Structures are given as structure tokens and as C-alpha cells.
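Enquirer: Predicted structure and sequence below. I'll ask about it afterward.
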Amino acid sequence: MVDRKPSEAAPTTSGRQSSHAIPAASFPTHNSPRTWLITSALTPLAIRLIRQLLAHGDYIVACLPPQEIEHEDRSAEFRELINECKSNRKDREGWKDRIRPIRCDSRVMGQCGAAVAEAVQIFGRIDIMLCCRAESVVGTVEELSTNPATQNLVRDQFETIYFSQVNFIKAALPQLRAQHTGHIIVLTSIGGHIGTPGMSFYTAAVWALEGFCDSLAYEIAPFNIKMTIVQPNKEILSLTNKLIFSPPLPQYEADLNPAPNIRDVLSTVLNSNPDTYIEQSEDEIQFRYPKLPPTTLDKLVMETVHALTAIGGHENPPARHIVGFEGAIAVKEKLKTVTEELEDFVEVSLAVDIFDSELKAEARKGRSEMEDTQGMGVGEISSGAGMGGFPGMGPMS
């Protein structure tokens with residue numbers, strides 16, 4: 001096990017030069033460096049987070065999905081980070097001793113257990129586990145039901161977003177319980193609140209993961225293990241991870257179907273770079289890793305990185321944290337709609353209640369008060385313009 005060193009001062013920027021001002025990292029008060037286990041460390045978001053954590057003096061176990069580490073473009077930025085850690089730069093001193101890359105396929109439970117065991121063997125404990133594996137399958141429900149290959153994409157979506165994260169959490173729980181402390185952070189998106197047409201199964205997998213976490217939080221609370229779901233705008237994960245496109249059906253083309261077409265929006269982003277240009281195929285499944293300019297990536301992910309450093313290991317962390325103003329407004333609008341529909345049909349709900357009660361009177365009173373408020377002309381909250389007006393998508397800078 002390595003010796004722990006005092007915390008180092010955080011740099012004002014990452015190793016890349018950028019004209020975009022990156023907010024200074026904020027960390028909760030703690031007495032000694034923490035050990036983070038990051039379940040998918042090749043993403044642009046994870047790499048920028050790791051730089052902040054290493055500069056702060058923390059220890060990192062960086063899990064590398066085999067299918068991504070073998071992709072040269074996908075792994076290039078992480079290899080650059082490792083070279084930084086090994087360099088003689090004064091501001092990178094000690095970094096190489098505080099990061100441990102581990103090749104791990106999180107879809108395999110045994111490999112997750114091995115990664116947890118290695119983390120404890122090297123650094124002595126796990127303080128914060130960040131579950132951040134993601135990829136997006138793009139296609140309507142009907143497009144993903146046309147043949148066995150597209151049906152397998154649905155299973156793969158759940159394997160990546162749901163089961164891979166659940167595997168890591170299950171593998172880490174005995175260690176966290178034995179420590180009687182720990183913080184599990186699950187990075188999802190506001191897709192956990194708001195559906196997006198053309199990404200139905202992505203949304204379903206996110207909702208499954210969040211439901212699992214909500215229930216697990218009660219089970220692990222007696223062991224002083226904290227649980228936080230962090231929800232950035234959906235494009236933050238979609239545009240920094242693998243995009244998989246099912247073959248389109250002509251019935252869902254924009255000129256025939258008025259539903260928003262997320263396929264066209266994402267294709268436009270990919271086609272802005274010649275290296276990721278994609279022409280939709282009628283019979284082939286296609287995938288791309290988006291390649292955005294470094295300054296664009298910084299603008300896209302650094303708000304979420306800032307949230308993760310501020311929340312990770314906090315003594316009293318939130319159960320849920322929505323990153324960014326646009327996401328918060330969109331979720332508030334969704335909850336407002338749910339409340340209004342609940343009030344509209346309150347009589348239907350109460351009709352099956354065979355007992356008169358004070359609760360029934362309060363429910364009817366609540367509906368009456370809401371109608372009075374609406375009659376006063378209270379202004380509507382605008383959810384803002386996102387990526388082509390899609391639910392769950394924030395504005396692109």
C-alpha cells in the first residue's frame with residue numbers, strides 16, 4: 001500500500017491551453033486524501049475530473065473498459081494524461097504514484113470484484129466510487145425491434161448503463177460496509193426525469209438505474225454509506241461517449257413524422273468533424289465516438305466536473321443533484337406538469353377510497369387552491385431552448 005501524501009494545490013487549468021475560463025475546483029473539508037474508484041475513466045469528463053483530483057492530492061483507481069482502451073482515438077486523451085503523470089513537470093510531481101489504471105469490463109461481475117480488491121490492496125480503502133459508464137443507443141422503439149441485431153442493442157444498452165454499474169456497486173458494498181463509510185456517486189442525466197423520443201431504451205435504462213439507487217440508499221444508510229445521483233443535461237454524456245445508431249425506418253423520417261428527430265441532431269454534430277462523419281444506413285448498425293474540440297469539451301463537461309468535486313465525499317451529500325440551470329428548469333417544468341395532472345384527476349383517485357377522511361378533504365382543497373392560483377395568471381416557467389427543443393437536452397455553447 002502506498003504512503004499517503006498531503007494534499008497539493010489545485011492548478012487553475014488542465015494540461016490543455018484553453019481560452020474558456022474553467023471554474024476553480026471546490027472540495028468538501030476532509031482530513032486526509034481520499035481514494036476514488038472511477039468505473040469508466042476514458043471519457044473526456046472523467047479525464048478532466050482525474051486531473052482535478054490528482055492536483056488536489058487524492059488517489060485514483062481508473063477502470064478502463066477493454067473495448068474502449070483498444071480504440072485508438074477513444075484512449076488517446078487518457079494516454080496523454082498518463083504521460084503527464086510520468087513527466088518531470090513540477091506541477092505533476094507524485095501524480096504517477098497516485099493513479100492506478102485497471103483494465104476492467106464492468107459487464108463481468110468477477111472483473112468488478114477484482115478491480116475493487118486491487119484498489120484496496122494498493123491504496124488501502126475506497127472512499128468515493130463514481131459510476132459513470134455510458135453510451136447511447138439511438139432509435140425509436142420500432143426501429144429497435146426489427147431484427148435480432150437491433151433487439152440485441154436493447155440488451156447491450158441495459159448491460160452498459162444498468163448492469164455494469166450495478167455490478168460495481170455490488171462488488172464494492174462489502175468493503176464500504178466494513179469501512180463503515182463511503183460515498184457512491186452515480187452519474188446519469190436528467191433523462192432520469194424526462195424522456196427523449198428516439199432514445200427510449202437509453203431513458204429506460206437510466207430510470208432503472210435510478211430506481212435501484214433510490215432503494216439501495218435506504219439499505220446502506222445504516223452503514224454510513226452515502227448515495228448521490230448526479231444528473232447533468234443529457235447531451236453531456238451523449239456527446240462524450242459512444243453513440244450507436246440503429247437503421248432508420250422511413251415512417252419516422254422528419255417529413256412524415258412530426259416527432260422530434262434526435263437522430264438528425266446527433267448526426268449533425270458528428271458530421272461537423274470529417275473524422276466522425278456518418279451517413280445513416282438503412283440496413284447497418286453504426287457507431288461513433290464524437291470528437292469535439294478541446295475548448296468545446298471543457299465548456300460541455302466542466303460544470304459537471306465542478307459538481308462532482310464539490311459533492312464527492314461530502315459529509316451530508318444530496319440524494320440527487322441536477323447540474324446546471326437549464327436542467328433544473330426542465331425538471332421543474334416536468335414536475336409541475338405531473339402535479340397539474342394529479343390535481344386534474346384527483347376525483348378519480350378519491351373515487352376508489354371507500355372511507356371519508358381528512359386526507360380526502362385536503363386533496364380536494366389542494367385542487368381548489370391550485371385552480372384559484374391558475375386563475376390569477378401566474379406566469380409559466382420556460383424550459384429554455386435545448387438541442388433542437390428536445391426534452392432533457394440543454395443548450396449547446
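Expert: Arrived safely, thanks for sending. Numbers count the residues shown, from 1 in each chain.

Enquirer: Give the other helices and strands that the strand or helix carrying Ser267 contacts.
Expert: Per DSSP states H and E: Ser267 is located in helix 262-270. Other elements packing on helix 262-270 under the criterion 3 or more C-beta pairs under 8 Å, 6 or more residues apart in numbering; DSSP states H and E are strand 135-138, strand 242-245. Any C-beta I mention is one placed from the backbone N, CA and C, and that applies to glycine too.

Enquirer: Which neighbouring elements make contact with the last one?
Expert: So the one you mean is strand 242-245. strand 135-138, helix 262-270, strand 286-288.

Enquirer: For my notes, please list those in CSV and give mean pLDDT and mean neighbour count for each entry.
Expert: Formatted as CSV, the helices and strands packed on strand 242-245 follow (pLDDT from 0 to 100; neighbours: other C-beta atoms under 10 Å):
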stretch, mean pLDDT, mean neighbour count
strand 135-138, 96, 26
helix 262-270, 92, 20
strand 286-288, 96, 16
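
Enquirer: mind checking how far the nearest residue to Ala149 once chain neighbours are set aside is from Glu143?
Expert: Nearest residue to Ala149 in three dimensions, chain neighbours excluded: Ile285, at 6.1 Å (C-beta to C-beta, 6 or more residues apart in numbering). For Ile285, the distance to Glu143 equals 11 Å [C-beta to C-beta, to the nearest Å].

Enquirer: overlap in contacts of those two?
Expert: Thr150, Ser246, Pro247 (C-beta atoms under 8 Å, 6 or more residues apart in numbering).

Enquirer: For Phe158, state which of those residues is nearest.
Expert: Nearest to Phe158 among the shared contacts of Ile285 and Glu143, counting by C-beta to C-beta, is Thr150 at 14.2 Å.

Enquirer: so how far is Ser164 from that closest one?
Expert: Counting by C-beta to C-beta - Thr150 and Ser164 are separated by 21 Å.

Enquirer: what's the answer for Glu135, then?
Expert: Look at Glu135 and Ser164: by C-beta to C-beta, they are 10 Å apart.

Enquirer: Same question for Ser145.
Expert: From Ser145 to Ser164 the distance is 23 Å (C-beta to C-beta).

Enquirer: returning to that earlier point: what about the shared contacts of Ile285 and Glu143, which one has the most neighbours?
Expert: Ser246 (28 neighbours; other C-beta atoms under 10 Å).

Enquirer: wait, that one sits on Asp283?
Expert: No - Ser246 is not in contact with Asp283 according to C-beta atoms under 8 Å; the separation is 10.5 Å.

Enquirer: Helix or strand with the lowest mean pLDDT in this protein?
Expert: Ranked by mean pLDDT, DSSP states H and E, the helix or strand of the chain with the weakest confidence is helix 358-375, at a mean of 64.

Enquirer: Can you tell me what sits against the helix or strand harbouring Ile220?
Expert: According to DSSP H and E, Ile220 maps onto helix 200-220. By C-beta under 8 Å, 6+ apart, the surrounding residues in contact with helix 200-220 are 136-137, 139-141, 144, 153-154, 157-158, 160-162, 165-166, 169, 173, 176-177, 184, 186, 188-189, 191-192, 195-196, 227, 229, 319.

Enquirer: same check, this time on stretch 163-181
Expert: 37, 39, 63, 106-109, 112-113, 115-116, 120, 125-127, 129, 131, 133, 182, 184, 186, 209, 212, 216, 220, 223-225.

Enquirer: Nearest spatial neighbour of Trp95, chain-adjacent residues omitted?
Expert: Nearest to Trp95 is Cys85, by C-beta to C-beta, 6+ apart, at 4.0 Å.

Enquirer: again, but for Ser145
Expert: Gln151 (6.4 Å).

Enquirer: Is that neighbour in contact with Leu144, as I believe?
Expert: Yes - the criterion here is C-beta under 8 Å, and Gln151 meets it with Leu144 at 6.9 Å.

Enquirer: the more surrounded of those two?
Expert: Neighbour totals were compared for Gln151 and Leu144, and Leu144 leads with 21 against 13 (other C-beta under 10 Å).

Enquirer: Report the contact partners of the more buried one.
Expert: Contacts of Leu144 (C-beta under 8 Å, 6+ apart): Val137, Thr150, Gln151, Leu153, Val154, Ser200, Phe201, Ser246.

Enquirer: neighbours of the closest residue to the fifth one other than its chain neighbours, just the number please.
Expert: Sequence neighbours aside, Phe201 is the residue nearest to Val154 in space, at 5.0 Å (criterion: C-beta to C-beta, 6+ apart). Look at Phe201: counted by other C-beta under 10 Å, it has 22 neighbours.

Enquirer: quick one, helices of the stretch 1-150 of the chain?
Expert: 44-56, 66-69, 72-86, 109-123, 148-158 (DSSP state H, counting those that start in this stretch).
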